[in-house]
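[1] Show me how the following folds:
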Amino acid sequence: MTTYHNVMIRLSDEQWERIREHFPEEHIPAGRPGRKPIPTRKVLEAVLWILNTGAQWHTLPQSYPNYKTVHRRFQQWCRQDVLREVLTDLANTLRARPAR
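    Okay, the predicted model is just below:
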């Protein structure tokens with residue numbers, strides 16, 4: 001049996017504000033009918049936990065959103081190159097900073 005780290009991954013407000021513009025779910029009108037989507041930040045934190053631990057989707061701790069929702073959104077982000085854009089943006093930001 002594999003044991004995974006139970007350390008929760010949480011993005012700081014600064015980290016989240018830096019990347020939130022890349023996620024299409026953040027631009028859904030407030031008056032839209034139907035259920036409110038699970039907050040993107042929570043889904044991303046769950047994805048980061050999976051990537052950090054190497055765990056299977058169904059072992060996602062209950063403190064995160066449902067693993068099926070997390071996996072579906074992760075697949076959408078991969079198809080739409082959202083994660084690639086985030087990583088490219090972060091890399092470009094780091095590259096533009098003066099060396100210390």
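[2] From here on, just use CA atoms for contacts and neighbour counts.
    OK.
[3] Mind telling me what element Thr93 is part of?
    Assigned by DSSP states H and E, Thr93 falls within helix 82-96.
[4] Go through that helix and flag the buried ones.
    Counting neighbours by 16 or more other Cα atoms under 10 Å, one finds that the buried residues in helix 82-96 are Val82, Leu83, Val86.
[5] Could I get the buried residue list for stretch 21-32?
    Those would be His22, Phe23, for stretch 21-32 by 16+ other Cα under 10 Å.
[6] Can you check the distance spanned by that stretch, start to finish?
    19 Å (Cα to Cα, to the nearest Å).
[7] And the contacts of that stretch?
    Arg20, Pro37, Thr40, Val82, Glu85, Val86 (Cα atoms under 8 Å, 6 or more residues apart in numbering).
[8] dump the residue contacts of the residue nearest the centre of the chain.
    Centroid-nearest residue in the chain, with Cα atoms, centre = their mean: Leu44, separated by 1.5 Å. Listed by Cα under 8 Å, 6+ apart, the contact partners of Leu44 are Val70.
[9] could you say which helix or strand contains it?
    Per DSSP H and E: helix 40-53 holds Leu44.
[10] got it, and Trp77?
    Secondary structure from DSSP H and E places Trp77 in helix 67-79.
[11] Which other helices and strands does that helix contact?
    Helices and strands touching helix 67-79, by 3 or more Cα pairs under 8 Å, 6 or more residues apart in numbering; DSSP states H and E, are helix 40-53.
[12] Alpha carbons of the helix it packs on, as PDB, please.
    Only the C-alpha atoms of helix 40-53 are listed here, as PDB (Å, rounded to 0.1, in the frame of the first residue of the first chain):
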ATOM      1  CA  THR A  40     -10.900  27.200  -9.800                       C
ATOM      2  CA  ARG A  41      -8.300  28.000  -7.100                       C
ATOM      3  CA  LYS A  42      -9.600  24.900  -5.100                       C
ATOM      4  CA  VAL A  43      -9.400  22.700  -8.100                       C
ATOM      5  CA  LEU A  44      -5.900  23.900  -9.000                       C
ATOM      6  CA  GLU A  45      -4.700  23.200  -5.400                       C
ATOM      7  CA  ALA A  46      -6.100  19.700  -5.800                       C
ATOM      8  CA  VAL A  47      -4.300  19.200  -9.100                       C
ATOM      9  CA  LEU A  48      -1.100  20.400  -7.500                       C
ATOM     10  CA  TRP A  49      -1.500  17.900  -4.700                       C
ATOM     11  CA  ILE A  50      -2.000  15.100  -7.200                       C
ATOM     12  CA  LEU A  51       1.100  16.200  -9.200                       C
ATOM     13  CA  ASN A  52       3.100  16.600  -6.100                       C
ATOM     14  CA  THR A  53       2.300  13.200  -4.600                       C
END
